[in-house]
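Visitor: fold the following for me, if possible:
(2 chains)
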Amino acid sequence: MFTRRKTLTIAGVAAAALVIGLAGCSSEPAAEEGPVEIRFTWWGGDARHELTNAALDAFEAANDDITVVRDFGGFDGYLDKITTQYAGGNSPDVIQLYNEVLVEFADRGQLYDLNKAVDEDLLSLEGWPQDVVDMTTVGGELSALTFGSTTHAYFFDETKSAEFGVETPAEGYTWDDLGAYSAAIAKASDGKVWGTTDLSHSYQIFEVWAKQHGEEFLTADGIGFTQETLESFWQYWADLRDAGAVPSPDVSTEYLGTPYDAVVQGVVTSTFLFTNQFQSVADSTPSELSISRMPGESPDPGQYLRSAMNLTVSSQSKHPEAAARLVDFLLNSEEANEILGTDRGFPSNANVFGPATTGLEGPSAEAADIFEAVRADGSPAPVPAPIGSAAVNTLFSEYAQQVQFGQLSVSEAATQFLAAAESELG
Amino acid sequence: MKSNATTSERATSAGDGGARPGRGRVRASSRPAPARSVSLRRAVRRNKIAPYLFLLPWLIGFFVITLGPMLYSFYLSFTDFNLLGSAEWVGIDNYIELFTSDPKYLESVRVTLVYVFVSVPLQLAFALLLAVLLNRGLRGLAIYRSIYYLPSLIGASVAIAVLWRQMFGRNGLVNQVLDWFGIVGESWIGNPDTALGTLIILNVWTFGSPMVIFLAALRQVPEYLYEAAAVDGVSKWRAFWHITLPMLTPVVLFNLVLQLIGAFQAFTPAYVVSGGTGGPVNSTLFYTLYLYQKGFANFEMGYASAMAWVLFFFIAIVTAVNFWLSKYWVHYDD
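Guide: Alright, predicted model coming up:
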């Protein structure tokens, strides 16, 4: 009996969450009078929670007819929570959502068309560049607005590099310069420390590589690159591995999700991150860090101003007007942006760029310079990736790992990945 | 139990006189047509209802939180359901896809089978060994028992999985110890050849709960068997093989069934150690981890439900086979 019960329990695990969600939705109060209650959910670290809560307090002070219930936590399990709440008809009203799943939600009609709020004068697009608005327009509907934008950057541990007597590459450096730098660090440290992490698994890096070769990672129609370009990318990292210039694959695996930790922990002396992460990474190491653009940015830049995350309103929201007012406040008010600063990235609304970035200094200011450099000379942002792109991103990492561990050759992996990706994108 | 039932019976009859409409109706009709209410009251008197009242909290939990969702997931397994839209009926397509066109699924089955059939026997052997050692009347036995049991309580938790990640990482404790002997270890969790091994060790390490059950069973072996053996000049080793082990076989079966079922459903260690990816290169892609990825990362809840039901039937079959095989090796004394 006992064992059977246990067995039954696990078999029902997936659906259990759904039904609990359903049960939750029936108890929602029909608040006709008094303050309207809306729920806002976001992910982040403690610093972001503090800033966001302060901004929400300011919103409530200015709008005493709206109460914002705050639902926040780390990134782990974030999407699971939201999809489960959706399935139970109990989604939050305002949702911080990341790019990779935006189309999945929008295409299935789960997001409120913010154009309606614009028409009703609840939400203003003044100060928003059109191409930024286009980035979050799916099927003619304004599914989201960027909630902070950012760009790739490469950062170097200057203190460690100096210790090993290796000069960090100067601005305008190529991928080969990076490889030479990394090999020099590995040599100077007797193979105990490497110059950079193995990034062959990262579709975010390959996206830049593809753009530098005049191609795209994913377009609205699917695959945007040639097999030749992919092979050149994977071959570049394979050569570095063979030369002992990057860590062995088992070490790389440990830093798959957070390559910058490899620098903080002294395993390597450089890697990539996004500009909005630079301040907190710099805070977590005693070393002096420098930040620069990605390698190989001339003559054809591959970096672009990417949306770090988006603000969306759920189509299940019972109070889309109140939700739109919150979105408007967070994105367009000077007050909110003064509080929020650049923790999520830089604001897309040019009118609040000033309030968000006043008083920036140290690493944040250096990151802002990189962002401005890409704004002046960068590649156009890609259109929203099609449904199935999340699975393709995972496949990219899996095939790259099989190359790392020597289970597949570069060309075998590229051929198999392309076939698998095409079937995912259907 | 009995006095409780009587109390509830009394309470029920007292309530009969009250204004509860349901009861009142039964009572009113009791005079002209007594048959139904008499049987009801007889049932109450015979304590046939009281037990169910006491069971009610569990029953509600079972039907609402377990059985209902289970049936729903069975329905979902025949649909294409992306969590956000509505479920579309696709018949047995999900089941066909599982076995014919999803190599990653078959890989997850392989990984899980290796994990289960390596870690469970090791774990049971270890538990039995420790139980036998602890059964030799050590001083402070209760303390040792508690210490060895501890990992069982916390072994499946996220905290321990995080600890494992630290221990078997490149700069982890294991490599630091190896370093004393001049061995430079790699990252055990980052290498596809060893990552699953670290999870197997983790499962073996949680040997406490089968150990406690073995320990209790060892106390049940009649002393006179050993005395008789001693008289015949039987060595301790042979006494173990020919007395202790046969007498323990019912408990071995119990532990085996329980641990097999638990191991098939292992999730947390693989999720945490691999950062949710099942990597490196799918080497720790447990069945439940892949199920979770399909359901919550790829929005294929119908497919994930089908996976859950295949696992359910597979565990049921393995358990049935175990019980069937048990008649060949389990010795019941009575």
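
Visitor: residue nearest the centroid of the chain?
Guide: You didn't pick a chain, so chain A it is. Residue closest to the average C-alpha location in chain A (CA atoms, centre = their mean): A:Ala308, at 4.9 Å.

Visitor: I was thinking of chain B, sorry if that wasn't clear
Guide: The residue lying closest to the centre of chain B (CA atoms, centre = their mean) is B:Gly262, at 3.6 Å.

Visitor: quick check: the residue nearest to the centre of chain A touching A:Gly345?
Guide: Yes - with contacts counted by CB atoms under 8 Å, A:Ala308 reaches A:Gly345, the gap being 3.7 Å. The C-beta positions use only the backbone N, C-alpha and C, and glycine is treated the same way.

Visitor: any common contacting residues for those two?
Guide: A:147-150, A:274, A:276 (CB atoms under 8 Å, 6 or more residues apart in numbering or on different chains).

Visitor: and of the residues you listed, the nearest to chain B?
Guide: Among the shared contacts of A:Ala308 and A:Gly345, A:Phe274 lies closest to chain B (CB to the nearest CB), at 18.6 Å.

Visitor: residues in contact with that closest one?
Guide: So A:Phe274 contacts A:150-153, A:306, A:308, A:345 (CB under 8 Å, 6+ apart).

Visitor: in strands, which of these appear?
Guide: Counting by DSSP state E, the part of the contacts of A:Phe274 found in strands is A:150, A:152-153, A:306.

Visitor: which one of these is nearest to A:Leu111?
Guide: A:Arg306 (19.4 Å; CB to CB).

Visitor: which residues touch that closest one?
Guide: Taking CB under 8 Å, 6+ apart as the test, what A:Arg306 contacts is A:99, A:149-152, A:274, A:381.

Visitor: just the strands from the chain, written as ranges.
Guide: In the absence of a named chain, chain A is used. A:36-43, A:66-73, A:94-97, A:137-138, A:141-142, A:145-146, A:149-150, A:152-157, A:218-219, A:222-223, A:270-274, A:289-292, A:306-307, A:310-313.

Visitor: um, chain B though
Guide: Using DSSP E, strands in chain B cover B:79-80, B:88-89.

Visitor: burial of the closest residue in space to A:Phe155 that isn't next to it in sequence, as a residue count?
Guide: Closest residue to A:Phe155 apart from its sequence neighbours, by CB to CB, 6 or more residues apart in numbering or on different chains: A:Ile291 at 4.6 Å. By other CB atoms under 10 Å in any protein chain shown, 18 other residues sit near A:Ile291.

Visitor: isn't A:Ile291 up against A:His152?
Guide: No - the pair A:Ile291 / A:His152 is not scored as a contact, 10.7 Å apart, by CB under 8 Å.

Visitor: overlap in contacts, these two.
Guide: A:Thr275.

Visitor: give me the residue from the stretch 251-400 of chain A nearest chain B.
Guide: A:Thr253 (3.6 Å).

Visitor: which ones are touching that residue?
Guide: Contacts of A:Thr253 by CB under 8 Å, 6+ apart are A:401, B:187, B:189-191, B:279-280.

Visitor: what is the nearest of those residues to B:Gly140?
Guide: B:Ile189 (35.3 Å).

Visitor: how about the closest one, nearest residue that isn't a chain neighbour?
Guide: B:Phe168 (4.8 Å).

Visitor: what is the burial count for A:Gly74?
Guide: 11.

Visitor: where along the stretch 301-426 of chain A do the helices fall?
Guide: Under the criterion DSSP state H, counting those that start in this stretch, the stretch 301-426 of chain A contains helices at A:320-332, A:334-340, A:353-357, A:363-376, A:389-404, A:410-425.

Visitor: of those, which shows the lowest average pLDDT?
Guide: Of all the helices of the stretch 301-426 of chain A, the minimum mean pLDDT falls on helix A:353-357 (a mean of 86).

Visitor: in chain B, which helix has the most residues?
Guide: When chain B is scanned for its longest helix (criterion: DSSP state H), the result is helix B:103-134.

Visitor: before we move on, back to that, buried deepest among the strands of chain B, which one?
Guide: strand B:79-80 (a mean of 18; mean count of other CB atoms under 10 Å in any protein chain shown).

Visitor: paired strands for that one, with orientation please.
Guide: The strands beside strand B:79-80 in its sheet (DSSP bridges) come out as strand B:88-89 (antiparallel).

Visitor: the strand it pairs with: how far from the chain's middle?
Guide: 32 Å (CA atoms, centre = their mean, to the nearest Å).

Visitor: before we move on, what about stretch A:271-287?
Guide: The answer for stretch A:271-287 is 15 Å, by CA atoms, centre = their mean.
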